[in-house]
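Peer 1: Sequence unavailable; structure follows:
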């Protein structure tokens, strides 16, 4: 297994969000992580998969919104 492991700061930079936002995602159990001691760590592959899942969810929402707009015309 050759997973790259990122700490909290590296993960926030990779995702393009702030530390507070990433901590909130962790607290809400929106994103998978593991801890060593009191420090958070993330597998880069997990973050990439999370991004893909978010893109898919947004695509579904956009499709539903377009269908609603069409039905209102």
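Peer 2: Now that the structure is in, tell me what you want to look at. Remember, predicted model here, so these are calculated numbers, not experimental data.
Peer 1: thought residue 42 was touching residue 33?
Peer 2: Yes. Using C-beta atoms under 8 Å, residue 42 is in contact with residue 33, at 5.2 Å. From N, CA and C alone the C-beta is placed, and that goes for glycine too.
Peer 1: more neighbours, those two?
Peer 2: residue 42 (25 against 17; other C-beta atoms under 10 Å).
Peer 1: can you list the weak-confidence ranges in this protein?
Peer 2: By pLDDT under 70, the low-scoring segments of the chain are 1-2, 60-73.
Peer 1: how about the helices of it, start to end?
Peer 2: Under the criterion DSSP state H, the chain contains helices at 8-15, 19-27, 44-72.
Peer 1: Output the contacting helices and strands for the first one.
Peer 2: Right, helix 8-15. Judged by 3 or more C-beta pairs under 8 Å, 6 or more residues apart in numbering; DSSP states H and E, helix 8-15 is in contact with helix 19-27, strand 39-43, helix 44-72.
Peer 1: Can you list the buried residues in it?
Peer 2: Along helix 8-15, these residues count as buried under the neighbour rule (16 or more other C-beta atoms under 10 Å): 8, 11, 12, 14, 15.
Peer 1: swap in the second one?
Peer 2: Buried positions in helix 19-27, judged by neighbour count with 16+ other C-beta under 10 Å: 22, 25, 26.
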